[in-house]
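> Fold the following.
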Amino acid sequence: MKVQSLQIQAVKVPLEKPIPSGRMVIYSADALLVTLRTDDHFGEGMVFTLNGVRLSLIREMILSLEHLVIGRDISTHGEFIAHVWRELVFLGQRGVGAVALSALDMALWDLKAKHANQNVSQLLGVVQQSLPMYRSGSLRLSASISELEAEATQLVNEGFKAIKMSLGSKKIADDVARVKAVRQAIGNEIELMTDCNQQLTVTHAIRLGRQLEAFQLAWIEEPVVFSDHLGEAQIAAALDTPIASGENEFTALGMIEMLEKKSADILMPDLQRMGGPTELLKVAHLAKAANIAIAPHLFTQMSLPLAASMTNAIYVEYMPWFSPLYEEQLVLNPDGTVNVPTTPGWGFQFDQSAIQQFLYK
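Next comes the predicted model:
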């Protein structure tokens, strides 16, 4: 059961329409699809950037780790992870090194589970057969009130019982009006999350949060720059609405700092910034010990089986960018949950025929 080959495919997935964000206008999600093969199975992983920025750099970093994984028995997966973390010490264990490791770690988990003829969730121990799934990527800050109302209504009509909208207007009154309009459009039975995309100051966030209490938000996400954990802690202490954060932190060390400073009520570890499933699982256990909930960031097809093994996982996130790359599609249950797959590996597999149209030329 030794790894025999590594394949990397670069793909560019154009967005349906450009998304203005605080840092750039996003036109495409560009990913590296990583496949590790043994003599009779293959495992898949994926990491991505926006607009293809530094995608080639991540590819080179993955290739720099190739000699550590080729020829390795998958039963020594843990030894591989430990070796890579040691190798990354000199240049730093956060950043592109962690992202590169995550792609290989994802593929190894998929490979191990397939060899065991089990889903990753079964390999870990299933505690949740289904999880609530919220829709993100819509209801952007650039949308007008009427557009927000129409879009929110459409998402609810598609079956979503939880949706997320962007905040971060310069005027508090503008964000309050946006939330009020969406809440009135969807009613009180639908969970409404908000994401400030690191746009606010601590004072602004507290003032805004207090005015939003009446709308019973599921959470306020990343109100200030992600590295300001003390600021997040101030906001969390001042508000009844939960604060969610963590998607931009790297590795369990970053999450430990958040837990120590009580920066968030809900941690949102990102698979590629954590360094892969192995590190993300550590974070889930640390959060559980601190009585903190987990809502993994993106990577739904891999986050779902992982979250199924966590008693403190409360949501998985769905953004449709990468759905065209997969053979299997996520299906919402009438109650807004999605079932954990039971087929071997992640339970989702890249569709090589569909991928052809997205490959870098």
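> How is Thr153 assigned, secondary-structure-wise?
Here Thr153 is helix, with the state taken from DSSP: H, G, I helix; E, B strand; the rest coil.
> from memory it sits against Ala185, does it?
Yes - the criterion here is Cβ atoms under 8 Å, and Thr153 meets it with Ala185 at 5.3 Å. Where C-beta positions appear, they are placed from N, C-alpha and C, glycine not excepted.
> Now do the helices in the protein.
Assigned by DSSP state H, the helices in the chain fall at 55-64, 66-69, 77-87, 96-115, 120-124, 145-157, 172-186, 202-212, 229-238, 251-261, 271-274, 277-289, 300-307, 352-355.
> Out of these, flag the one nearest Ile19.
Evaluated with Cβ to Cβ, these place helix 145-157 nearest to Ile19, the distance being 13.0 Å.
> still on that earlier bit, got the helices of the chain as JSON lines, with distance to Ile26 columns?
JSON lines is the format used below for these (distance: least, Cβ to Cβ, whole Å):
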{"stretch": "helix 55-64", "distance to Ile26": "14"}
{"stretch": "helix 66-69", "distance to Ile26": "30"}
{"stretch": "helix 77-87", "distance to Ile26": "30"}
{"stretch": "helix 96-115", "distance to Ile26": "18"}
{"stretch": "helix 120-124", "distance to Ile26": "29"}
{"stretch": "helix 145-157", "distance to Ile26": "17"}
{"stretch": "helix 172-186", "distance to Ile26": "20"}
{"stretch": "helix 202-212", "distance to Ile26": "24"}
{"stretch": "helix 229-238", "distance to Ile26": "24"}
{"stretch": "helix 251-261", "distance to Ile26": "24"}
{"stretch": "helix 271-274", "distance to Ile26": "17"}
{"stretch": "helix 277-289", "distance to Ile26": "24"}
{"stretch": "helix 300-307", "distance to Ile26": "18"}
{"stretch": "helix 352-355", "distance to Ile26": "21"}
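> Make JSON lines out of the ones you listed and add distance to Ile220 and mean pLDDT.
Shown next, in JSON lines, are those (distance: least, Cβ to Cβ, whole Å; pLDDT from 0 to 100):
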{"stretch": "helix 55-64", "distance to Ile220": "31", "mean pLDDT": "98"}
{"stretch": "helix 66-69", "distance to Ile220": "40", "mean pLDDT": "97"}
{"stretch": "helix 77-87", "distance to Ile220": "33", "mean pLDDT": "96"}
{"stretch": "helix 96-115", "distance to Ile220": "27", "mean pLDDT": "98"}
{"stretch": "helix 120-124", "distance to Ile220": "30", "mean pLDDT": "98"}
{"stretch": "helix 145-157", "distance to Ile220": "17", "mean pLDDT": "98"}
{"stretch": "helix 172-186", "distance to Ile220": "10", "mean pLDDT": "99"}
{"stretch": "helix 202-212", "distance to Ile220": "6", "mean pLDDT": "99"}
{"stretch": "helix 229-238", "distance to Ile220": "8", "mean pLDDT": "99"}
{"stretch": "helix 251-261", "distance to Ile220": "15", "mean pLDDT": "97"}
{"stretch": "helix 271-274", "distance to Ile220": "21", "mean pLDDT": "98"}
{"stretch": "helix 277-289", "distance to Ile220": "18", "mean pLDDT": "98"}
{"stretch": "helix 300-307", "distance to Ile220": "21", "mean pLDDT": "99"}
{"stretch": "helix 352-355", "distance to Ile220": "36", "mean pLDDT": "97"}
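> residue contacts, Ile235?
Residues near Ile235 by Cβ atoms under 8 Å, 6 or more residues apart in numbering: 202, 205-206, 209, 220, 223-224, 243.
> Please repeat the previous calculation with a cut-off of 10 Å.
By Cβ atoms under 10 Å, 6 or more residues apart in numbering, Ile235 lies in contact with 196, 200-206, 208-209, 220, 223-224, 228, 241, 243, 245, 263-264.
> do the same with His115
1, 38, 40-41, 43, 74-75, 123, 344-345 are the contacts of His115 under Cβ under 10 Å, 6+ apart.
> Can you identify the strand in the protein that spans the most residues?
Secondary structure of the chain per DSSP state E: the longest strand is strand 5-20.
> From the chain's centre, how far out is stretch 315-327? Work that out for me.
From the chain centre to the centre of stretch 315-327 is a distance of 10 Å (Cα atoms, centre = their mean, to the nearest Å).
> Ends of that stretch, what's the gap?
Between the opening and closing residues of stretch 315-327 lies a distance of 23 Å (Cα to Cα, to the nearest Å).
> any idea of the mean pLDDT for it?
For stretch 315-327, mean pLDDT is 97.
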